[in-house]
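Participant: Fold the following.
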Amino acid sequence: RTKTYASVLRKKSQRLFPQPSHLELSQHMGQVLDMSSHFGGCDSTWNLVGPPNIFSLDEDFTHVAVPRTCGSWRDRLSRWTHGRCPKNPEWFKSQNFIVLLFDVPVFPTRVKVLGMYQPGCMVRILAKSWDEGEDSAVCRWRTLWSGPADPNLPPNVFYEFSPPIHPPGFATNVLRLEFSCSLNAYCLELVDVVLYGIPVDIMQPKKSKNEDLAESERLRQRQNTMERSRRRDMVEHMEEERRVDEEEEKLSPFTNNGYFDLLPFEIIEIILSHLTLPELCCLAQCSRTLRTLRNYCYNPSMYKHLDLKPFWPSLCEQDLLALKPRLTCARSLGLSWTGNDGRFSTTWSEHLLHLELANCHWITNKSLESVTMLCPNLRDLDLSSCHRIPPRKFRQLSSLQRLQRLVLYRTRIDVSCLCRLCAFTLFLASNCQQLRSLNMWGSIGLTEVGLAHLTSRCKDIEVLDLGWCTNVWTESGVLSDMLRELPRLRRLVLTGNLSISDTDLEPLANHCPLLEQLDILGAPLVTHGGIFHLLDTCRHMCFLDVSFCFRVDEEMAFQLANRFPHICIKYSS
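Facilitator: Now for the predicted structure:
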């Protein structure tokens, strides 16, 4: 029977991934280099390595590569609100990404992605130049394909996605897949990725190893020198323009800017708010005769809410240096995904209230120290996947006494040996009593003791994520006591907590009347009666995830959906 099942898998794999021509090499992914988020355990992404090994048409698995976000409900209470300007580019829809390493560098000809359960979330595929060295200051990324997500594909079926790609013009062995699951009802399961291409040895004449390395090094240095020179010239040009403007203003107090002099700044600000950051910079460079318009483009008030995440492939330190004079009044700054794993630094504004640093691998202990010292008014801080901060250094966050939202997802804070998370929550409880949102997803070092101290002081918490905090056991009554202290709670995530039962849902219904979203995926002790009482009591509920709650079957979930049609109920088994 085992041989029969194995042969079926082999036939399916051959049908989904046929062998290419003799010149074209096909290869499965060899290693996961980076990812924005994953739903399952730390090893859940490794099913992508090698040929596909999960072929299920009607089941959901926690041991596959699953981006953590789906739908728009997760963003409803957590994300900081973007300002009017500059406008984010409409083409950027990415919410999650995964970076894959292949063994052999090739000139890509095709990319095949096998998804299941909720396919159609792919929005962009990028390739990184193989010629760039690890110490390169400039990382070349090219978009092979981009397009809108397709939420209308049927769920629970395999979907082979192989779009036509644009040749990047270089060899690559690193791909980056970006997803947008905001339109999907449930999560995407990524099964396999295959890269097709012509190997470098075939496309290029054979050379000795030393000659090849020397030529590659010369090419890399020449490209880096040209790029640094271009960016340096741009910064010097902007500084020269600013100096000339100041001198002209001293010589001539009157300007001739046509009707722009008659418009109030508020009107011009509204007009310019429809431009993206590149468009705003281009307008400033083109408006050499209209000094007023150019000054408006350079005005720091136009950059109060700046999100640089869409420009992560090309953003470097010189770009931030050019933007530095315009960020003196910044309130919200998004730097997520930036840095390209290289040397990267920035200057923080003392006026910052919201700072997004998710997947910024250049953030270190010194970076965190500068943030806490120079941004005392921070209310919103996202440090997701900032893995270079030592565990005990998170104690510095206690100085941010106005903090309302803190995201520590996939940080090293749960690997601490001297500073346990219980002690860290004591710092939060003592110094950040205005905390509104706390994300501790996957923090195995958190216990019910630290949680009790936190909720006894921080009573204004609205969003609390305790997913996969496996050392928080509700049998001690800590959850019931915690819920009595959080009357403003609007979202609670308890994914993977095996001790959740109807006894814990009762105080949630009695003491949290504003509750809107609840995730109790994997709670085997919860029953239909406890869930019904909760939904009937909490009138503001709009989302409930009861997947893998084994005492709630599909028929019960269907009955709940009919009884409460205004609530989005997620169910999987």
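Participant: ok, which stretches of the stretch 51-200 of the chain are helices?
Facilitator: 75-78, 200-203 (DSSP state H, counting those that start in this stretch).
Participant: Mean pLDDT lowest where, among these?
Facilitator: Lowest mean pLDDT within the helices of the stretch 51-200 of the chain: helix 75-78, at a mean of 58.
Participant: Could you chop the protein up by domain?
Facilitator: As recorded under automatic domain parsing, the domains making up the chain are 2-203, 209-254, 303-389.
Participant: By mean pLDDT, show me the worst of these.
Facilitator: domain 209-254 (a mean of 60).
Participant: Just give me the longest strand of this protein.
Facilitator: strand 96-116 (DSSP state E).
Participant: Counting by contacts, list what it packs against.
Facilitator: The contact analysis (3 or more C-beta pairs under 8 Å, 6 or more residues apart in numbering; DSSP states H and E) places strand 96-116 against strand 25-28, strand 31-35, strand 122-128, strand 141-146, strand 159-161, strand 172-179, strand 189-199, helix 200-203. Backbone N, C-alpha and C define where each C-beta goes, glycine included.
Participant: May I have the last one as PDB, with CA atoms only?
Facilitator: Going back to what we said before, that points to helix 200-203. Taking Å, rounded to 0.1, in the frame of the first residue of the first chain, the C-alpha atoms of helix 200-203 are listed here in PDB:
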ATOM      1  CA  VAL A 200      25.500  29.800 -16.400                       C
ATOM      2  CA  ASP A 201      28.000  27.300 -17.700                       C
ATOM      3  CA  ILE A 202      26.000  26.800 -20.900                       C
ATOM      4  CA  MET A 203      25.300  30.500 -21.600                       C
END
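Participant: Show me which residues of that helix are buried.
Facilitator: residue 200 (16 or more other C-beta atoms under 10 Å).
Participant: hmm, who's touching it?
Facilitator: Residues outside helix 200-203 that contact it (C-beta atoms under 8 Å, 6 or more residues apart in numbering): 23, 105-107, 130, 171.
Participant: starting at the chain centroid, how far to it?
Facilitator: Relative to the centre of its chain, helix 200-203 is centred 36 Å away, using C-alpha atoms, centre = their mean, to the nearest Å.
Participant: And stretch 565-573, by the same measure?
Facilitator: 25 Å.
Participant: Buried residues in that stretch, which are they?
Facilitator: For stretch 565-573, the neighbour count (16+ other C-beta under 10 Å) marks 567-572 as buried.
Participant: from the contacts of helix 200-203, which two are the most distant?
Facilitator: Distance extremes for these: the farthest pair is 23 and 130 at 18.3 Å, using C-beta to C-beta.
Participant: what about those two, which has more around it?
Facilitator: residue 130 (18 against 11; other C-beta atoms under 10 Å).
Participant: isn't that one right up against residue 105?
Facilitator: Yes: counting by C-beta atoms under 8 Å, residue 105 is a contact partner of residue 130 at 4.1 Å.
Participant: Tell me the residues that contact both of these two, please.
Facilitator: With C-beta under 8 Å, 6+ apart, residue 130 and residue 105 have common neighbours 171-173, 200.
Participant: Could you dump those into a markdown table with distance to residue 480 added?
Facilitator: Below are the shared contacts of residue 130 and residue 105 laid out as a markdown table (distance: C-beta to C-beta, whole Å):
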| residue | distance to residue 480 |
| --- | --- |
| 171 | 59 |
| 172 | 54 |
| 173 | 53 |
| 200 | 62 |
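Participant: Contact partners for the nearest residue to residue 101 once chain neighbours are set aside?
Facilitator: In this structure, residue 101 finds its nearest non-sequential neighbour in residue 31, 4.2 Å apart by C-beta to C-beta, 6 or more residues apart in numbering. Neighbour list for residue 31: 49, 100-101 [criterion: C-beta under 8 Å, 6+ apart].
Participant: before we move on, back to that, out of the shared contacts of residue 130 and residue 105, which is most surrounded?
Facilitator: residue 172 (25 neighbours).
Participant: ok, the closest residue to it other than its chain neighbours - contacts?
Facilitator: Among residues not flanking residue 172 along the chain, residue 127 sits closest, at 4.0 Å (C-beta to C-beta, 6+ apart). Residues counted as contacts of residue 127 (C-beta under 8 Å, 6+ apart) are 108, 141-142, 144, 168, 170, 172, 174-176.
Participant: Closest one of those residues to residue 556?
Facilitator: Among those, residue 176 lies closest to residue 556 (C-beta to C-beta), at 41.0 Å.
Participant: Show me what the residue nearest to that closest one when sequence neighbours are not counted is bridged to.
Facilitator: Excluding the flanking residues, the one nearest residue 176 by C-beta to C-beta, 6+ apart is residue 126, at 4.3 Å. Applying DSSP bridges to residue 126 gives these bridge partners: residue 143, residue 176.
Participant: so residue 126 touches residue 337, yeah?
Facilitator: No: using C-beta under 8 Å, residue 126 makes no contact with residue 337, being 11.6 Å away.
Participant: quick check, nearest of the contacts of residue 31 to residue 381?
Facilitator: residue 100 (29.5 Å).
Participant: Could you report the neighbour count for that closest one?
Facilitator: Using other C-beta under 10 Å, residue 100 has 23 other residues around it.
Participant: List the strands paired with the longest strand of the chain, with their directions.
Facilitator: Within its sheet, strand 96-116 is paired with strand 31-35 (antiparallel), strand 159-161 (antiparallel), strand 172-179 (antiparallel), strand 189-199 (antiparallel), according to DSSP bridges.
Participant: can you tell which of those is closest to residue 275?
Facilitator: When the strands paired with strand 96-116 are ranked by proximity to residue 275 (C-beta to C-beta), strand 172-179 comes first, at 23.9 Å.
Participant: Please state the offset of the closest one from the chain centre?
Facilitator: 15 Å.
Participant: what do you get for stretch 518-536?
Facilitator: Using C-alpha atoms, centre = their mean, the offset of stretch 518-536 from its chain centre is 29 Å.
Participant: Buried residues of it, list them for me.
Facilitator: Buried residues in stretch 518-536, defined by neighbour count with 16+ other C-beta under 10 Å: 518-523, 525-528, 530-535.
Participant: Give me the subset of those residues that lies in strands.
Facilitator: Using DSSP E, these in strands are 518-519.
Participant: Residue 190: which of the buried residues of stretch 518-536 is nearest?
Facilitator: residue 521 (18.8 Å).
Participant: Return the residues in contact with the closest one.
Facilitator: 495-496, 545-549.
Participant: Kindly recompute the last result at 10 Å.
Facilitator: Residues near residue 521 by C-beta atoms under 10 Å, 6 or more residues apart in numbering: 39, 62, 467-468, 493-497, 500, 545-549, 570-572.
Participant: Tell me the spacing between it and residue 354.
Facilitator: 29 Å (C-beta to C-beta, to the nearest Å).
Participant: just residue 477 next, same as before
Facilitator: Counting by C-beta to C-beta, the gap from residue 477 to residue 354 is 36 Å.
Participant: Settle it for me: which of the two has more neighbours?
Facilitator: Using other C-beta under 10 Å as the criterion, residue 477 and residue 354 rank with residue 354 on top: 22 against 14.
Participant: so the more buried one touches residue 336, yeah?
Facilitator: No: contact between residue 354 and residue 336 fails when scored by C-beta atoms under 10 Å: they sit 11.7 Å apart.
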